[in-house]
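Peer 1: Quick one, structure for this:
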Amino acid sequence: MVSASSGKNVAAVVCQLVGARRWAASSMDRQMGEKKQKAAWARPNAEIVEALTHQVGFMRSSCRAYDKGSLQEAQRLASAVYIIVVDGGQRSLLTQLSARRDLQFFDSTYADDPRNLSEYMPMILMRVGGLNEKGDIDCKYVPVVNGPMTSGENVKFVDWWERRIIFDDKRGNALTRRSIVRALRSQDGGSHFDEHLTDPAYVALSRENAPGWGFGVDGDISTPFPPGAHLAMMRVIAWELEKTLVDGQLLKGPVETGTFPAPE
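Peer 2: Residues are numbered from 1 along each chain as shown. Coordinates of the predicted model:
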C-alpha cells in the first residue's frame, strides 16, 4: 500500500520530470530557432559596404542639422558611430568588413600639458556673442573641426576609442570617445532613454557644467554656461570617423563634415 505522503512525493517527482522535459524541449526549440535565424541570410560583402555608406550618410545629415542648431542630432550621431565601430552583442560594420583592426583612426586632439591646471577640452571652444532672439546673451559650445590645433595623428582603434582622454575637468571627471558615444547612444536618447545615467563624469559634463564656465555682464559671470559640451564633442567624433573612413579608402571622399557649419 502506498501512503498519501508517498503519493504526493511521486507526483512531485513526476511534475519535476515533466517540467524538466518541457524546459529541455523549449531550450532545443530556441537553439534550433537561433540556428535557423543565423542561417536565414548571410550578407554579401556588398551589402555591408552599402550599410556603411548609409550610416555615414546619416552622420552627414545629422552634422548638417546640428550645425544649423539642432544640437540633439548628436544623439543620432552616437547611434551611427556605434553601429560603425562598436563590437558587443553584435559585430560592428568595420569588423564585418575585417577593417577595424588595421584601420588608422584620426585623432584631432592635442595632448594635455601636465602643467595645465584648468580643464582639458581639446575638441570644443566656448563662444559668447551678442543677444539671441530671446534677448539673452548668446553663448554656446562650438566643435573644433579643421582648426589651427587639429593637425592630429592617426592611431589604432583602441587608442582612439578608449585610451585617449578627450575631457578632463581636473576634479576627477574624465571622458573618452567610448564614454561619450556609449552614454549618448545607450542611455541618453540615441537608441535608448534610460531612467538613470550611470557615468558620473558624463553627468558632470552634460548636466552639471563640469568645465565651470560662466558668463554675464558688467563683471558678473555667475550665470553658468548652458549644457551642450558633450554634444559638440560628439559632432567632432563624427567628423574624425568620416575622415578616418575616407583616408582609409573605405569611403569615397571628400570629407563633408570637416567644416563648421558643414556645407550644404
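
Peer 1: distance of the spatially most central residue of the chain from M233?
Peer 2: The centre of the chain sits closest to V181, judged by Cα atoms, centre = their mean, with a distance of 1.7 Å. The gap separating V181 from M233 is 10 Å, by Cβ to Cβ, to the nearest Å. Glycine gets a C-beta too; all of them are placed from N, C-alpha and C.

Peer 1: Over to R177?
Peer 2: 8 Å.

Peer 1: Overlap in contacts, the two.
Peer 2: Shared contacts of R177 and M233 (Cβ atoms under 8 Å, 6 or more residues apart in numbering): I166.

Peer 1: quick one on the thing from earlier: OK, contacts around the residue nearest to the centre of the chain?
Peer 2: A78, V81, Y82, V86, M234, I237.

Peer 1: Which strand or helix spans the fifth one?
Peer 2: Using DSSP states H and E, M234 falls within helix 229-247.

Peer 1: H54 too?
Peer 2: With DSSP H and E as criterion, H54 is part of helix 45-67.

Peer 1: Tell me what angle the following helix or strand past that helix forms with helix 229-247.
Peer 2: Reading on from helix 45-67 to the C-terminus, the next helix or strand found by DSSP H and E is helix 73-85. If you take axes from the mean of the first three to the mean of the last three Cα atoms, to 10 degrees, helix 73-85 sits at 40 degrees to helix 229-247.

Peer 1: who touches helix 73-85?
Peer 2: With contact meaning Cβ under 8 Å, 6+ apart, helix 73-85 is reached by 52, 55-56, 58-59, 62-63, 65-66, 92-94, 100, 157, 161, 180-182, 184-186, 188-191, 230-232, 234-235, 237-238, 241, 245.

Peer 1: Would you mind checking the average pLDDT for that helix?
Peer 2: When pLDDT is averaged over helix 73-85, the result is 98.

Peer 1: Give me the buried positions along the following helix or strand past that helix.
Peer 2: Sequence-wise, the next helix or strand downstream of helix 73-85 (DSSP H and E) is helix 93-96. For helix 93-96, burial by neighbour count (16 or more other Cβ atoms under 10 Å) applies to L93, L94, T95, Q96.

Peer 1: and the helix or strand following helix 93-96, what other elements does it pack with?
Peer 2: Using DSSP H and E, the helix or strand that follows helix 93-96 towards the C-terminus is strand 105-107. With contacts taken as 3 or more Cβ pairs under 8 Å, 6 or more residues apart in numbering; DSSP states H and E, strand 105-107 sits against strand 153-155, helix 229-247.

Peer 1: distance between strand 105-107 and the chain's centre?
Peer 2: Relative to its chain's centre, strand 105-107 lies at 16 Å (Cα atoms, centre = their mean, to the nearest Å).

Peer 1: Within its sheet, name the partner strands of it and how each one runs.
Peer 2: Strand 105-107 has these partner strands in its sheet, going by DSSP bridges: strand 153-155 (antiparallel).

Peer 1: any idea of the mean pLDDT for the following helix or strand past the strand it pairs with?
Peer 2: Using DSSP H and E, the helix or strand that follows strand 153-155 in sequence is helix 157-158. Summarised as a single mean, pLDDT over helix 157-158 is 98.

Peer 1: contacts for the helix or strand just after helix 157-158?
Peer 2: Sequence-wise, the next helix or strand downstream of helix 157-158 (DSSP H and E) is strand 165-168. Strand 165-168 has contacts (Cβ under 8 Å, 6+ apart) with 109, 112, 119-123, 173-177, 180, 201, 205, 210, 229, 233.

Peer 1: Start and end of stretch 154-171, how far apart?
Peer 2: One end of stretch 154-171 to the other measures 29 Å (Cα to Cα, to the nearest Å).

Peer 1: Quick check: buried residues in stretch 242-256?
Peer 2: Neighbour-count burial for stretch 242-256, counted by 16+ other Cβ under 10 Å, picks out E242, K243, T244, L245, V246, D247, G248, L250, L251, V255, E256.

Peer 1: Do I have it right that the last one meets M59?
Peer 2: No: in this structure E256 lies outside contact range of M59 using Cβ atoms under 8 Å: 9.0 Å.

Peer 1: Could you name every residue contacting both of these two?
Peer 2: With Cβ under 8 Å, 6+ apart as the test, E256 and M59 both reach E242.
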